[in-house]
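Fold the following, please.
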Amino acid sequence: MSGIRVRFLASTAVMILLSAAAGGALADPPAGAKPDSASTTLPAAANGAINSGGDEVPVTAAIGPTEPTPAPAASVPDQSSPSVPPAASTNPSASPDRSPAAPASAAPATAAVPAAQPAGSPAEPDAAIAAQLHELADGKFDSLIGKKDGAVLDAFYSGRNYAPLWVTDGAANARAKAAVAYLGEVDADGLEPSDYPVPDFAGVSDPTAQAQAEIRLTASVIAYAHHASVGRVHWTRVSGDIYYDQKPPEPADVLAAIATASDVSAALDAYEPHAPGYLALKAKLAERRAGKNAFAHPIPSGPVLKVGSQDDRVPVLRERLDVPGDGGTTYDKPLAEAVTKFQQTHDLKPTGTLTAATTDALNGRHPDRPIDIILANMERWRWMPHDLGKTYVMVNLPDYYLHVVQNGKEVWTTKVVDGKPATPTPITTAEMKYITVNPTWNVPPSIVAKEYLPLLAQDPTILARMGLNVTRNPDGTAHISQPPGDNNALGRLRFNFPNKFLVYQHDSNEKYLFADAMRARSHGCMRVQDPVKYAEVLLSIVRPGEGYTQDRIRRMFGNNEADIQFPTFIPVHLTYQTAFVDEAGKLQFRDDMYGRDRALIGILKGDERKVADIPIERKDNAIRRELLALPDSPTFWGGRVFYSAGFGDGFFARLFNPFGYQQQPQQTVQRRGVAQHRTSEAH
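You can find the predicted model right below:
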């Protein structure tokens, strides 16, 4: 972490020093201008894209302080640049606010991008700028941006004989104009253009100022690539229950990619996520900023509507649900069917009648700061692997749903129960490697020591009477486990994707929990509503043709634990999408049940944002990880164990209510408040 901090502070220093050193040579923002008020004058390209070609025109932009953290990205090779080693090519997807990014190696350019200067003397008048860059490289790169990245810049520019990247014949080249234009529009991806200040090449003429402008743009491009790839806020600053192994792109790779790109816009855009969910959210951000609001005309309250009812609310309801009609006020069968479908997807009783609860859900509780919520979710998309995989499992924790995607298309979905706010299911990515049939539940060591052994000391037979086995580990400590069976806390199936939090997905013997709209009821693991079907779907993907039907899987149920290995692993993405776009193209909002939005937005809007891309160290808590792995909901207090979700009649009812107190399972209540946590837009 210290290395990252050095790079960050040094990168800040280079911005401050360059701005001061340039004196009046670099353009300053006008008095009273806001930091994000950068303006750019450039030719308009087709579809709104600005590539590396185009006529030479003045480029102006406000210059402000920055704290770039150097980072890396995929690159786009161009064989016209022999002095710079090519990097891996990239094929970004289309973006709603910029032109589609084709494979960069084949991207057309309206004008040739200047190739990297080969070894030898740079052509006049760039030789004077090169001399200034050479002087900066003589130890000054280290003092300005840190030793590690100073060496990277020195290696990059020395490989070009210190020929500038952004200047040709003493003026900003097409590559510079494309980069300046792109950085001025990164707000389309929820970033702040003021974080990536760009120089006014047209306003400087002496070689010293031009060299400083060169480094300023280089630093901003590196900082942008870092933020676009892994986020402006490092996930460690939000919670200890988040983990990703994504690395920012190396600055050397970023510079190599830009130096060899035939389309600079495409090369920069490649650092952003291009998952369909991210792009759909990006489009909704643009709509929001344009003032589009689907809740401008809420559906009024009124009596319950059934097929044949006449009501003035019918035209508004048809528009909201995209059901065509003749303009009349009759609540007909097609409209009732659309209402039924809406009710099914929003955990409402699917009656097809327009009830008060359905009206509340249709109108929704509009978030107080919808744009902030969208921006927070786009930031979390950057934390994730940008390549989700052709086949993967996606769990949206605030939505309480699991989705299986194969070859880019959703093939199955089911409800899940996930962690309570006190024991949240972590946000992470791991690989599903095998399914356990008839799992044995091994009690975590910390729970054995703190809770079960005291019970055993009071009554040596209590655990045996509850069906638990007590054995000894090699080190002499007690090992407590529950053998396979109908009453096993894990049910009959466990889905294993090894991760640092020890969480997994499993069956549940408390099926009534799936009827609730809000299903944050576990210790951290996810309970799956239909685990047998889930197993069939996964095995049909990884072991096709082997006959793993639901019937065959059920026939495997018994007293012997068995693992079904996956020949190829399936990524499992545990996500926290409080804003997402559903299959109907509607923007959906969910409650911030774990406070992740609140924490992230606070960082983005506070002073911490200046250093937010630097990770912080969080102490690993082994006991907490073991608690997250508990399969049910016991609560420990004062040396006693209580079952907070209702004793019921399952395993934990006997374990945590050994004295036989009776309590009925919690009843599912249909609440009008569903709309308070499940909000959707019509458009």
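
for the protein, where's the lowest mean pLDDT among helices and strands?
strand 634-637 (a mean of 37; mean pLDDT, DSSP states H and E).

So Asp399 is in contact with Gln577, correct?
Yes: Asp399 sits in contact with Gln577 when judged by C-beta atoms under 8 Å, with a separation of 6.7 Å. Backbone N, C-alpha and C define where each C-beta goes, glycine included.

neighbour count winner among the two?
Between Asp399 and Gln577, counting by other C-beta atoms under 10 Å, Asp399 is the more crowded of the two (23 against 20).

any idea how far the more buried one is from Glu617?
Taking C-beta to C-beta, to the nearest Å as the criterion, Asp399 is separated from Glu617 by 32 Å.

got it, and Ala259?
According to C-beta to C-beta, Ala259 and Glu617 sit 35 Å apart.

quick one: buried residues of stretch 273-284?
Pro273, His274, Ala275, Gly277, Tyr278, Leu279, Ala280, Leu281, Lys282, Ala283, Lys284 (16 or more other C-beta atoms under 10 Å).

and what of stretch 404-412?
Buried residues in stretch 404-412, counting neighbours by 16+ other C-beta under 10 Å, are found at Val404, Val405, Gln406, Trp412.

Closest one of the residues you listed to Gly190?
Within the buried residues of stretch 404-412, proximity to Gly190 (C-beta to C-beta) peaks at Val405, which comes in at 23.8 Å.

My guess is the closest one contacts Met394. True?
Yes: contact status for Val405 versus Met394: in contact at 6.4 Å, counting by C-beta under 8 Å.

So for these two, which residues contact both of them?
Contact criterion C-beta atoms under 8 Å, 6 or more residues apart in numbering; residues shared by Val405 and Met394: Leu388.

In the stretch 201-350 of the chain, where is pLDDT below threshold?
For the stretch 201-350 of the chain, applying pLDDT under 70 flags the ranges 293-297.

repeat that for 90
Low-confidence segments of the stretch 201-350 of the chain, defined by pLDDT under 90: 203-205, 208, 212, 288, 290-302, 316, 318-327, 341-349.

need the strands for the stretch 401-550 of the chain, in chain order.
Shown for the stretch 401-550 of the chain, the strands assigned by DSSP state E, counting those that start in this stretch span residues 401-406, 409-419, 427-437, 441-442, 469-472, 478-482, 493-496, 505-506, 520-522, 526-528.

Pro248 is nearest to which of those strands?
Ranking the strands of the stretch 401-550 of the chain by distance to Pro248, with C-beta to C-beta as the measure, places strand 427-437 first at 16.5 Å.

The closest one: partners in the sheet, and parallel or antiparallel?
Strands adjacent to strand 427-437 in the sheet, as given by DSSP bridges, are strand 242-243 (parallel), strand 493-496 (antiparallel), strand 562-575 (antiparallel).

Deepest in the core, which of these is it.
The highest mean neighbour count among these, using mean count of other C-beta atoms under 10 Å, belongs to strand 493-496: a mean of 23.

Now do the same contact list for Gln550.
Val532, Lys533, Ala535, Glu536.

hmm, back to that, from the buried residues of stretch 273-284, which two are the most distant?
Spatial extent of the buried residues of stretch 273-284 (C-beta to C-beta) is set by the pair His274 and Lys284 at 16.0 Å.

Which of the buried residues of stretch 404-412 sits closest to Arg555?
Of all those, Trp412 has the smallest distance to Arg555: 21.5 Å, by C-beta to C-beta.

Pretty sure the closest one sits against Glu536.
No: proximity of Trp412 to Glu536 does not meet the contact threshold set by C-beta under 8 Å, at 9.1 Å.

tell me, what's touching these two both at once?
Listed as contacting both Trp412 and Glu536 by C-beta under 8 Å, 6+ apart is no residue at all.

which one is Lys605 nearest to, not counting chain neighbours?
In space, and not counting its chain neighbours, Lys605 is closest to Asp372: 8.0 Å by C-beta to C-beta, 6 or more residues apart in numbering.

you'd agree that neighbour is up against Ile601?
Yes: here Asp372 lies in contact with Ile601, judged by C-beta under 8 Å, at a distance of 5.0 Å.

that older thread, got the strands of the stretch 401-550 of the chain as JSON lines, with mean pLDDT and distance to Val339 columns?
Written out in JSON lines, the entries for the strands of the stretch 401-550 of the chain read as follows (pLDDT from 0 to 100; distance: least, C-beta to C-beta, whole Å):
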{"stretch": "strand 401-406", "mean pLDDT": "98", "distance to Val339": "21"}
{"stretch": "strand 409-419", "mean pLDDT": "95", "distance to Val339": "21"}
{"stretch": "strand 427-437", "mean pLDDT": "98", "distance to Val339": "34"}
{"stretch": "strand 441-442", "mean pLDDT": "87", "distance to Val339": "43"}
{"stretch": "strand 469-472", "mean pLDDT": "92", "distance to Val339": "52"}
{"stretch": "strand 478-482", "mean pLDDT": "91", "distance to Val339": "45"}
{"stretch": "strand 493-496", "mean pLDDT": "97", "distance to Val339": "35"}
{"stretch": "strand 505-506", "mean pLDDT": "95", "distance to Val339": "32"}
{"stretch": "strand 520-522", "mean pLDDT": "89", "distance to Val339": "27"}
{"stretch": "strand 526-528", "mean pLDDT": "95", "distance to Val339": "28"}
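
what about Ala422, neighbour count?
Going by other C-beta under 10 Å, the residues that sit close to Ala422 add up to 12.

burial measure for Thr355, as a count.
Applying other C-beta under 10 Å, we find 18 residues neighbouring Thr355.

mind listing what it touches?
Contacts of Thr355 by C-beta under 8 Å, 6+ apart are Val304, Leu348.

Quickly list the domain ranges of the chain.
For the chain, the structural domains run 2-38+74-272, 294-366+676-680, 370-440+486-658, 443-482, going by automatic domain parsing.

Any figure for the gap between the nearest residue to Tyr400 once chain neighbours are set aside and Ala275?
Excluding its sequence neighbours, the residue lying closest to Tyr400 (C-beta to C-beta, 6+ apart) is Arg519, at 4.4 Å. The gap separating Arg519 from Ala275 is 25 Å, by C-beta to C-beta.

Can you measure across stretch 596-616, start residue to end residue?
Counting by C-alpha to C-alpha, to the nearest Å, the length from the leading to the trailing residue of stretch 596-616 is 17 Å.

Next up, the contacts around Thr236.
Counting by C-beta under 8 Å, 6+ apart, Thr236 makes contact with Ile242, Pro615, Ile616, Glu617, Arg618.

what number of residues lie near Asp311?
Asp311: 17 surrounding residues under other C-beta under 10 Å.

That one is in contact with Thr329, isn't it?
Yes: Asp311 is within contact range of Thr329, at 5.8 Å (criterion: C-beta under 8 Å).

Bridged to Asn396, which residues?
With beta bridges defined as DSSP bridges, Asn396 has these partners: Tyr401, Thr575.

And for it, the neighbour number?
Taking other C-beta under 10 Å as the neighbour definition, Asn396 ends up with a count of 21.

ok, now which ones touch Arg242?
That one is not Arg; residue 242 is Ile. Ile242 makes contact with Trp235, Thr236, Trp383, Pro426, Ile427, Thr428, according to C-beta under 8 Å, 6+ apart.

swap in Leu285?
Contacts here follow C-beta under 8 Å, 6+ apart; on that basis Leu285 touches Ala188, Gly190, Ile371, Ile374, Leu375, Met378.

Ok, which of the domains of the chain comes nearest Arg288?
domain 370-440+486-658 (5.4 Å).

Let me see the ranges of the strands in the stretch 151-300 of the chain.
Taking DSSP E, counting those that start in this stretch as the criterion, the stretch 151-300 of the chain carries its strands at 167-168, 171-172, 242-243.

just to revisit the earlier point, so what's the residue nearest to Lys605 scoring on pLDDT?
We have a pLDDT of 94 for Asp372.

and it, how many neighbours does it have?
Using other C-beta under 10 Å, Asp372 is surrounded by 17 other residues.

same check, this time on Arg288
15.

And the nearest residue to it once chain neighbours are set aside, which helix or strand is it part of?
Spatial nearest neighbour of Arg288, chain neighbours left out: Ile371 (5.4 Å); criterion: C-beta to C-beta, 6+ apart. Assigned by DSSP states H and E, Ile371 belongs to helix 370-383.
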